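> Quick one, structure for this:
(one chain, ligands or ions: 1)
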Amino acid sequence: MTNTDRRVSERASLDKRDLRRSFLDNLLYVQGKFPKLANNADYYLALAHTVRDRLMQRWISTASAYTSQASRTVCYLSAEFLMGPHLGNNLINLGIYDETAKMVAELGLDLEDLLYQEEEPGLGNGGLGRLAACFIDSLATLEVPALGYGIRYEYGIFHQTLVDGWQAEKTDKWLRYGNPWEIARPEWTVEIRFGGHTEQYVDEQQRLRVRWLPARVVLGVPHDTPILGYHVNTANTLRLWKAEAAESFDFGQFNRGDYAGAVTQKIVSENLSKVLYPNDEQEAGKELRLQQQYFFVSASLQDMLRILKIQGVPVENFHEKFAVQLNDTHPAIGVAELMRLLVDEHLLVWDTAWDITCKSFGYTNHTLMPEALERWSLPLFQRVLPRHLEIIYEINARFLDQVRLRFFGDEQRLARMSLIDEHGPRYVRMANLACAGSHAINGVADLHTELLKQDVLKDFYELWPEKFSNKTNGVTPRRWIVLANPRLTALISETLGEGWIKDLGQLRGLERHVENADFRARWAKVKRDNKADLAAHITRRLGISINPDSIFDVQVKRIHEYKRQHLAALHIIALYLRIKANPNIDLTPRTFIFGGKAAPGYFMAKLMIKLITAIGDVVNVDPAVRDRLKVVFMPNFSVTNGQRIYPAADLSEQISTAGKEASGTGNMKFQMNGALTIGTMDGANIEIQQEVGAENFFQFGLSTPEVYALGASGYRPMEYYQRSDALREVIDLIASGFFSRGDASLFKPLVDNLLYHDPYFLLADFDSYVACQDEVASVYRDADRWTRMAILNSARSGKFSSDRTILQYCDEIWGAKSVPIRLLTQEDVESAFEQQ
Ligand SMILES: *Cc1c(COP(=O)(O)O)cnc(C)c1O
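The predicted model follows:
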């Protein structure tokens, strides 16, 4: 993809000489630095601006085409977008990564050093936010008109450090040095109202209407980031809203002399987009969080109505222009907000508005954990969104009438399905609102969708089976293979050509090469080199020496009891005890690598981190271990760190309690990069196993029905403790204070929880897990066999490209089609002026 012709501005040219010229210009005229005074941060910014100019031509061409063609547009509403750094990805998608690396090398610079200067926009907690990021990459690559809508948090997910083996949090000041990838669009600012009360009035046509008199108004200012597809001209938009005060000063208060009070009001408004709540899979319940959700959803829907207007489309056709997807229930207030906009502001009748709303929205559920289902206490909801509560009551009344007709006399069903939980203190149930107001409801893996139908959303499934479908998650191979793993990319492209990058199913072609010893040797070398890089990084950062020939056994993901990082910890201790009992035991050397953040208020998760680091502190220095075991907790797991880690893994730990992990996406990144999985039959692990074959997957543990049955029959973890010698020794060693300098109280909450409650069935799965790990160790000793299995895992990962996922959403939910973009030239720009 080169466009050296001069119909294109030099600022958009992909020619290497032009890149160099732009880079130096930007250093001088954007950064204002002479090369001798510039540092890597300046060079990064100069390069970022160079790339941004190249994106701009594609972005403008895309916007121009979408404006004139008015095709169906996907609006992906998500409270989180865990984008990861932009520069490297944009270089890949523009097709100028190698040229740029050469260009900066000729100036004595190292591209990788410059890439690591970028502060990643960590505007998400984990899987859900990262899914949104993979989806907007795939939408652009598939040339589907799309907008990502979210919040421009000033502080993203906290930066994690370890202090004495405990997690410590630092604020994420990602905007400190500016953000070259965004453009503010203050001209499209919208007003968002909060609080106050409502009143009825009669309009000119004698119709009874409701007017909302808010207590305060906040401005939403869009900040746009171009999202370029891979080797296409499409550059879609990620539009994130920043909150600003409606007036710099409250003049009323100012005149009364309360200057400080007026400024306080301004700060209160701006707090709305100040910080991302760091809770993954658990409810925060905070008023500010509800305000954040409403803030970005209202701003986004108003923005869609603005777009509709400039395209001359009547509001009655809203659903033909927009497919609005709710990424979990965080944006579910959108159902009530669109109703308010259509009924109160655009004066549509209720039934028409409801028809438009249901045809517009789709809802993706992301969890099976009851405590993660969002609900808002009624008094809080009433205080923040009085008009929306009225609308929800009206939706509920009509909805329950429908249920009553279908399920005559079933009062309990009505109570379960009501949008209002009336069991104790009253709550608004956001999942019920999302289900009622959407034409499509989906889970994110086969098992998850089945469990939604049988359990979590059973009542809704019985009412509307046709609304339900599955959309198994996926991840973008551009970031997670091409950018993260250049060695593997080179090997695959040399073997198969480059078609696989846009059509991941082509990786099946690797199967033909499994029997080729030379190919296997090259594959093994790629993995070995990636491992050596990670080992060097760990040694440099953490001062721990690593044997690159050991099994890299990796568990990176949010820290949560249901994900069971502590089960992996129990296994490490079991191996350690074997060495202590038999110092000369022939154990396959392993390096255990953990990473992940704990929600700051989640005590047990923080204690799990402390347990892992405490085990490392003992095992890593015990001379008896003789480098057969190493335990590393890599601080601050993020997209940037993930890009180093996934490509270097041998073994992917996917060990959640069956029935708890909706899908997982980390599991897919590992598989693509040639790691083997040790996993339970949970989430997308099941589909990974189906694709790779049972012989290429290490399966252990209870199945979902077995977990349910054991739970129902009165699970007594103590019985497992008493029955298994290995398990008892492991637990006793922790309880004795051996990993806490003799302090038996430190891990007591964790040990007691396992022995007396064990809600995630670690003890029930322990023996099965350890036996499976022994099998892993024995297979690893046959290096050739391991490599064959690794190649087959990559070769059969095509299903897990987010391109496949997005095509399914487009065909089965959104009714969206690709719109190829023609690049505008200088001549087009000139003639546009002449036509005005
Ligand atoms: C992929 C990813 C996740 C999700 O990992 P799971 O193993 O699916 O929980 C979380 N955080 C980051 C930074 C990721 O890249």
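> Going by C-alpha atoms from here, please, whenever you check contacts or count neighbours.
Fine.
> Could you tell me which residues within stretch 29-37 count as buried?
Across stretch 29-37, burial judged by 16 or more other Cα atoms under 10 Å covers 31, 33.
> Most proximal residue of the stretch 151-300 of the chain with respect to the ligand?
residue 280 (9.9 Å; Cα to the nearest ligand atom).
> And what about that residue, helix, strand or coil?
Secondary structure, DSSP: H, G, I helix; E, B strand; the rest coil: residue 280 is coil.
> Nearest residue to it in space, please, no chain neighbours.
Once flanking residues are discounted, residue 280 sits nearest to residue 125: 6.0 Å by Cα to Cα, 6 or more residues apart in numbering.
> With residue 524 instead?
Leaving out its chain neighbours, the residue that sits closest to residue 524 by Cα to Cα, 6+ apart is residue 787, at 6.4 Å.
> quick one: the one you found is in a strand?
No - counting by three-state DSSP, residue 787 is not part of a strand but helix.
> my guess is it contacts residue 526, does it?
No - contact criterion Cα atoms under 8 Å: residue 787 and residue 526 do not qualify, at 11.0 Å.
> re earlier: the residue nearest to residue 280 touches residue 80, doesn't it?
Yes - Residue 125 lies in contact with residue 80 (Cα under 8 Å); the separation is 7.4 Å.
> which of the two has more neighbours?
Neighbour count, other Cα atoms under 10 Å: between residue 125 and residue 80, residue 80 has more, with 29 against 26.
> tell me the phi and psi of that one?
Phi and psi for residue 80, reported as degrees, to the nearest 10, are phi -140, psi 140.
> Please apply the same query to residue 324.
Phi and psi for residue 324, reported as degrees, to the nearest 10, are phi -110, psi 120.
> which strand residues sit across from it in the sheet?
Beta-bridge pairing for residue 324 (DSSP bridges): residue 75, residue 361.
> That one: neighbour count?
The local packing of residue 324 (other Cα under 10 Å) involves 25 other residues.
> for residue 319, what are its contacts?
Residue 319 makes contact with 356, 357, 359, 360, according to Cα atoms under 8 Å, 6 or more residues apart in numbering.
> Out of these, which is nearest to the ligand?
residue 360 (28.4 Å).
> mind checking how far the residue nearest to that closest one when sequence neighbours are not counted is from residue 301?
With Cα to Cα, 6+ apart as the criterion, residue 360 has its nearest non-adjacent residue at 4.6 Å, and that residue is residue 319. According to Cα to Cα, to the nearest Å, residue 319 stands 12 Å off from residue 301.
> and if you look at residue 612?
Applying Cα to Cα, the value for residue 612 to residue 301 is 45 Å.
> Neighbour count: those two, which is higher?
residue 612 (25 against 19).
> Test my guess that residue 383 contacts residue 196.
Yes - using Cα under 8 Å, residue 383 is in contact with residue 196, at 7.4 Å.
> ok, back up a step: quick check: the residue nearest to residue 360 vs residue 147, distance?
Separation of residue 319 from residue 147 (Cα to Cα): 15 Å.
> The residue of the stretch 151-300 of the chain closest to the ligand reaches residue 157, doesn't it?
No - counting by Cα under 8 Å, residue 280 does not reach residue 157; the two are 10.7 Å apart.
> Of those two, which one has the most company?
In this view residue 280 and residue 157 are compared by other Cα under 10 Å, and residue 157 has more residues nearby, 28 against 19.
> Could you look up the SS state of that one?
Look at residue 157: counting by three-state DSSP, its state is coil.
> Check whether it really touches residue 129, as I assumed.
No - the criterion here is Cα under 8 Å, and residue 157 misses it with residue 129 at 10.9 Å.
> looking at the protein, which helix or strand does the model trust least?
Every helix and strand in the chain was compared by mean pLDDT, DSSP states H and E; the lowest is helix 251-255, with a mean of 60.
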